[in-house]
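# got a predicted structure here, sequence first:
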Amino acid sequence: MIPRSIPPHARGPLLYGVTHSPWVEGVRQALHYHRVQPRVTSYPLDLSWAISRGLIFPALRLSDGQTLLDSFTIYQALDDAGYPLGFAHISPAERDEAQLDLERLFLNYAPGRCVSGRRWRFIVAWSQMRELPFSARGVVSRAFVSLYFWILIRLGIALSHRRGRPVYDLDTIESQLHAWDDRLRTARWLTGETPGFLDFALLGHLQCMTSGLTEELLPCIRRQRHLMSWLEQLLTQLPADEPLYVHRLLDETLVSPRASAGEQTLFWLAWLGWLVVWPLTGTLVLALLLRRPRNPAHSGAVASRARRRSEGVPTGS
C-alpha cells in the first residue's frame with residue numbers, strides 16, 4: 001500500500017512516464033495535491049517489465065516494490081490508502097463512462113501532435129521534456145521512446161486515412177471539451193466537495209493539449225467558461241513552485257517549461273545513436289508494438305472493452 005504520510009526528506013514513489021502524457025500528468029498532479037513528490041522517469045521500471053508489458057504510461061512503483069498500472073487504478077489505490085480522491089462520489093459505471101470519454105478525447109487530439117507539418121516538431125518537443133529529477137539514462141530512454149510513439153501515432157494516422165476517418169477534427173474536440181464544460185456548469189469539482197480523480201485526470205489532458213504541439217487547441221479550451229473557472233480554482237489547490245503547461249491558458253505570454261540545454265543535447269546525441277543502430281532499434285520498436293495490445297492499460301483499451309461489452313463479448317477484465 002501507499003504510505004499515508006511520506007516525510008518531506010523521503011524518496012517519493014517512482015512514476016514511469018513523461019510530462020507530455022495526460023495519464024502521467026494526471027497522476028503526478030494528484031500526488032502533488034496530497035503533497036507527495038514522485039520521481040518521474042522515462043526509463044522503464046526494469047527492462048523485463050517493459051518487454052513483457054510494452055511502453056505503456058503510467059506505472060507507479062511503490063517503496064515496497066509493488067507496481068500499479070493504469071491511471072485510474074493508481075487513483076483508486078491512492079484513495080484506498082487514505083488520500084481522498086472522490087471515489088465514493090461516483091459509481092463504477094459512471095467512472096467507466098468518464099474514463100471512456102477521456103480516452104476518446106485523447107484519441108481525437110493526439111494525432112494533431114504528429115500530423116503532416118509537425119512530424120519533426122514532435123521529436124523536438126520530446127527533446128524539450130524534462131526528467132524530474134534529471135537522469136541521464138532517462139533521457140537516453142526517452143530518445144528511443146520518442147521514436148516508438150512517433151511510429152505509433154503515424155501508424156494510427158495512416159489507418160484513419162485508410163478507413164476514411166477524419167484524423168484531427170477541431171470541431172469534434174471542442175464538442176468534447178464542451179461536454180466537460182457542461183459537467184462543471186453546476187459543480188465546482190467533478191468528484192464531490194474537493195478535487196478528485198476526475199479533476200486530475202482532466203487536468204492531465206489539458207496539460208498534454210497545452211504542451212506546445214497543438215496550439216490551435218488553446219482557443220478551443222479558453223472558450224469553455226466553466227472549464228476555465230474550474231482550472232483557475234484547481235491550480236490554487238496545487239503547489240505553486242512548478243510551472244505547468246496549463247498556466248499558458250491563463251497567461252498567453254508564458255512559454256512551455258523546457259529541459260535545460262545540457263539535457264536537450266544529451267537527448268539528441270542519444271536520438272542519433274538510436275538511428276545509427278536502426279536495425280536493432282527498429283526490431284525493438286516492432287517487438288514492443290506487438291506487445292502493446294496485451295497491456296490492458298494501452299491507449300484505446302477502454303474503448304475496445306466498451307465496444308466488446310456492447311457486442312456481448314467477454315472482455316476478460
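Good, I have the coordinates.
# contacting residues for Met129?
Residues in contact with Met129 (C-beta atoms under 8 Å, 6 or more residues apart in numbering) are Val18, Thr19, His20, Ser42, Arg142, Ala259. C-beta: built from backbone N, CA, C; applies to glycine.
# any idea which of those residues is closest to Ile221?
Taking C-beta to C-beta as the measure, Ile221 lies nearest His20 of these, at 16.3 Å.
# neighbours of that closest one, how many?
Applying other C-beta atoms under 10 Å, we find 23 residues neighbouring His20.
# sec struct for Thr194, please.
What DSSP: H, G, I helix; E, B strand; the rest coil gives for Thr194 is coil.
# quickly note the distance from it to Leu100.
The gap separating Thr194 from Leu100 is 24 Å, by C-beta to C-beta, to the nearest Å.
# what do you get for Val124?
Noted for Val124: a distance of 32 Å to Leu100, by C-beta to C-beta.
# likewise Ser63?
For Ser63, the distance to Leu100 - C-beta to C-beta - is 32 Å.
# the closest residue to Ile153 other than its chain neighbours and Met129, how far apart?
Spatial nearest neighbour of Ile153, excluding adjacent residues (C-beta to C-beta, 6 or more residues apart in numbering): Cys114 at 4.3 Å. Separation of Cys114 from Met129 (C-beta to C-beta) stands at 15 Å.
# list the contacts for Ala98?
Ile90, Leu190, Leu198, Ala201.
# helix, strand or coil for it?
Here Ala98 is helix, with the state taken from three-state DSSP.
# about what we covered before: quick one: contacts for the residue nearest to Ile153?
Cys114 makes contacts with Phe122, Trp150, Ile153, Arg154, Ile157, Leu213, as judged by C-beta under 8 Å, 6+ apart.
# so is Arg154 in a helix, a strand, or just coil?
Per three-state DSSP, Arg154 ends up helix.
# go on, Leu15?
Secondary structure assignment for Leu15 (three-state DSSP): strand.
# report how many residues lie close to Val145.
Using other C-beta under 10 Å, Val145 has 24 neighbouring residues.
# now do Gly262
Around Gly262 there are 10 residues (other C-beta under 10 Å).
# can you pull out the helices in this structure?
22-33, 47-53, 71-80, 92-109, 119-127, 136-163, 170-183, 197-209, 217-222, 225-236, 247-250, 261-276, 278-291, 301-310 (DSSP state H).
# buried residues in the third one?
By that I understand helix 71-80. Ser71, Phe72, Thr73, Ile74, Tyr75, Gln76, Ala77, Leu78, Asp79 (16 or more other C-beta atoms under 10 Å).
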